[in-house]
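Colleague: Okay, here's the prediction I keep looking at, along with the sequence it came from:
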Amino acid sequence: WHTESVGCPRNGSAPNGFYTYYVEVQNQVGIADTWSLEVFSFQKEYTFTRNGSRASDYFILPKFPNLPGLDGSNGACVPNGLQVECCNDPQCRGSSVCTTGRCVVEGTPRFTLSWFGDDDLDIFAITPAGVAIFWNNTSDDASQGVLQEDVDPTSDIAHVESISFEKNGKSPAGIYKFGVNLWNKRGPSLDDWNLTIHAFGEELDLKQGMGTSSIFEFDFVDGVAAPGPPQLPEPSPTEFPESQPITIDVSAGICFSANNFVVIEGKGVVSMDKIRVGHEVLSKGNTFERVYGFGHRDESKLAIFLQLLPSKIELSPEHMIFVQDKGFLPASNVKAGDRLSDGSEVERILKVVRRGVYAPFTPSGTIVVNYVVASNYISLQNSRSLQVGSIEIPLSYQWLCHSFQTLHRIWCHWLGVSDKVLENGFSSWSYSAYRAVVWLLKQHLTVVLVLLSPTLVLLTMLACFESVILYHLSGVVVIVVVFVLWQSRKTKQNI
């Protein structure tokens, strides 16, 4: 076990601002090691842990100026109402959350500006109806949008301005424009600011800058607007029925969003929500395959997806996609610079909110989405391969999931029997298999190995059976001929 640590002065005298930290892999020897990255601040008043393997994303931590309490006690975070209103969410009342030492009202969407220094910055937001919410118009009845506070900085402490809409997600659908305006520059240099976008309690995107910003856009419920011209036809906008309760599933981990596109034989390019069982869709190898079922299909569910630019493919973090030189990876492991199946390079990755989750199944376990090859399946461990304890088993999740699907595939694809769909939109087979594997991976290492070994043998036999018997007619012919010859020889011996 190895330890590396980077520390700042314990008395809180480190420079104020935003600190970026990350894990870098200089040299990988053998399988990828897992790491735990702990962040401590002000004697553990701000403490959290990030876990992973391989290189990490870039993380951002704000340093609170003058954070020690006015009573001078031991450098810990002490809410005092002037410099620090809160240290964590429970110290805020009602539906408020703690952000950079201030309690702000939660909302969906919510735009929050935070900065250090004495520049007078103002946040603004423009609703889909064109109503501007800012310091001179702090609320809008139609959208229920409210500017919580217009801050006029008088000292070098943390400042927060936030515009929140209805927490339950019933805000008007459409494009919200937002940004930062520099009202008054008061120091020798411009102050840095952070501007975050939130929905359903999740931070979706982060903008950073100095002075007056560009005008950004957030498409609710269609997520963060991507830069550049669209490469595919845009779907029709999603409506919010007033009577329909709005919930979000941040762990709907086996799905594509409705904003993706596929190619259906005889129909051309259509949106993902138009796929039905029986359609022939383009899959790996430029072949068309029959959709024999769905692992999950729910047109009303809201979920958070990762959008890979410039392809604009949107899939759940655990859902796998083909990356050149790496094979099938969970979307959360894809990095800027990776190349997808069509040779396009991933330039940027966004979090987006979408209505509708879809996970079609094809016989090969692949499907072409937005002209790039993606998997039908997910990784349960945020990795390409199965990991048992600290051991990485050389079996890809693509193979494991495809093998687990063999009986389901034979039942639905080859025999044409319809699958049972649960109330939550999941296939009964997929949901049961998912829960069983999740349970197995949580058990003691000995239990996992004892149960996993015969399971892998069975999966291999099923995969061979399907490959030889069902996919290759020649195999069936050979087996029939061998059986007939064996029976003929047996008959002659009896005579």
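Modeller: Structure's in. What do you need? Numbers count the residues shown, from 1 in each chain.
Colleague: dump the residue contacts of T127.
Modeller: Neighbouring residues of T127 by Cβ atoms under 8 Å, 6 or more residues apart in numbering: I133, D140, A142, S143, G145, P172, G174, Y176. C-beta here means a position set from N, CA and C on the backbone, and glycine is covered the same way.
Colleague: That one and L350, how far apart?
Modeller: Distance of T127 to L350, given as Cβ to Cβ, to the nearest Å: 22 Å.
Colleague: again with G278
Modeller: Separation of G278 from L350 (Cβ to Cβ): 33 Å.
Colleague: tell me how far the ends of stretch 267-279 are from each other?
Modeller: Stretch 267-279 stretches 10 Å from its first residue to its last (Cα to Cα, to the nearest Å).
Colleague: Show residues contacting that stretch.
Modeller: Against stretch 267-279 from outside (Cβ under 8 Å, 6+ apart): 232-233, 235, 256-265, 281, 290-294, 299, 356, 358, 360, 369, 418.
Colleague: can we see that at 7 Å?
Modeller: 233, 235, 256-258, 260-264, 281, 290-293, 299, 356, 358, 360 (Cβ atoms under 7 Å, 6 or more residues apart in numbering).
Colleague: so which of the contacts of T127 would you say is closest to R54?
Modeller: Y176 (35.3 Å; Cβ to Cβ).
Colleague: That closest one contacts F216, correct?
Modeller: No: contact criterion Cβ atoms under 7 Å: Y176 and F216 do not qualify, at 9.0 Å.
Colleague: Looking at these two, which is more packed in?
Modeller: Y176 (25 against 18; other Cβ atoms under 10 Å).
Colleague: Excluding chain neighbours, what is closest to that one?
Modeller: In space, and not counting its chain neighbours, Y176 is closest to F218: 4.6 Å by Cβ to Cβ, 6 or more residues apart in numbering.
Colleague: where does the stretch 101-250 of the chain dip in pLDDT?
Modeller: 154-157, 169, 222-250 (pLDDT under 70).
Colleague: if you set the cut-off to 80 instead, what comes out?
Modeller: 101, 116-117, 152-158, 167-170, 187, 221-250 (pLDDT under 80).
Colleague: ok, which stretches of it are strands?
Modeller: Using DSSP state E, counting those that start in this stretch, the strands assigned to the stretch 101-250 of the chain run over residues 102-105, 110-116, 120-126, 132-133, 139-140, 145-147, 158-164, 174-184, 192-199, 202-210, 216-220, 223-224, 248-249.
Colleague: again with the stretch 351-495 of the chain
Modeller: Under DSSP E, counting those that start in this stretch, the stretch 351-495 of the chain gives strands at 366-369, 372-378, 385-388, 391-396.
Colleague: need these in TSV with mean pLDDT and mean neighbour count, can you?
Modeller: Output for these, formatted as TSV (pLDDT from 0 to 100; neighbours: other Cβ atoms under 10 Å):
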stretch	mean pLDDT	mean neighbour count
strand 366-369	96	26
strand 372-378	95	24
strand 385-388	84	18
strand 391-396	84	14
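Colleague: Could you export these as CSV, including distance to K442?
Modeller: Converted to CSV, the strands of the stretch 351-495 of the chain look like this (distance: least, Cβ to Cβ, whole Å):
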stretch, distance to K442
strand 366-369, 29
strand 372-378, 17
strand 385-388, 12
strand 391-396, 16
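Colleague: closest one to H408 among the ones you listed?
Modeller: Nearest of the strands of the stretch 351-495 of the chain (Cβ to Cβ): strand 372-378, 11.1 Å.
Colleague: Identify all contacting residues around the closest one.
Modeller: 253-254, 284, 311, 313, 315, 318-322, 328, 330, 340-342, 359-362, 365-367, 397-398, 401-402.
Colleague: tell me the angle of it relative to strand 391-396?
Modeller: Here strand 372-378 points in a direction 120 degrees away from that of strand 391-396 (axes from the mean of the first three to the mean of the last three Cα atoms, to 10 degrees).
Colleague: Show me what strand 372-378 pairs with in its sheet, parallel or antiparallel.
Modeller: If you go by DSSP bridges, strand 372-378 pairs up with strand 319-323 (antiparallel), strand 366-369 (antiparallel).
Colleague: Which strands or helices does the helix or strand harbouring W35 pack on?
Modeller: Using DSSP states H and E, W35 falls within strand 34-41. Under the contact definition 3 or more Cβ pairs under 7 Å, 6 or more residues apart in numbering; DSSP states H and E, strand 34-41 sits against strand 46-53.
Colleague: could you redo the last one with a cut-off of 8 Å?
Modeller: Packed against strand 34-41 by the contact rule (3 or more Cβ pairs under 8 Å, 6 or more residues apart in numbering; DSSP states H and E) you find strand 46-53, strand 59-63.
Colleague: hmm, back to that, could you check which of G278 and L350 is surrounded by more residues?
Modeller: Just comparing G278 and L350: by other Cβ under 10 Å the higher neighbour count belongs to L350, 18 against 9.
Colleague: Was I right to think that one contacts L306?
Modeller: Yes: using Cβ atoms under 8 Å, L350 is in contact with L306, at 7.3 Å.
Colleague: Where is the longest strand in this structure?
Modeller: The longest strand of the chain (DSSP state E) is strand 293-309.
Colleague: List the buried residues of that strand.
Modeller: Buried residues in strand 293-309, counted by 16 or more other Cβ atoms under 10 Å: 293-298, 301-309.
Colleague: Return the distance of the helix or strand following that strand from the chain's centre.
Modeller: Per DSSP H and E, the first helix or strand lying C-terminal to strand 293-309 is strand 313-315. Taking Cα atoms, centre = their mean, to the nearest Å, the mean C-alpha location of strand 313-315 is offset from the chain mean by 9 Å.
Colleague: Could you do stretch 128-136 as well?
Modeller: With Cα atoms, centre = their mean, you get 30 Å for stretch 128-136.
Colleague: can you count the residues close to S171?
Modeller: S171: 26 neighbours (other Cβ under 10 Å).
Colleague: What sits closest to it if chain neighbours are left out?
Modeller: Of all residues not flanking S171 in the chain, F165 sits nearest, at 4.0 Å (Cβ to Cβ, 6+ apart).
Colleague: isn't the one you found right up against S143?
Modeller: Yes: taking Cβ under 8 Å as the definition, F165 is a contact partner of S143 at 6.0 Å.
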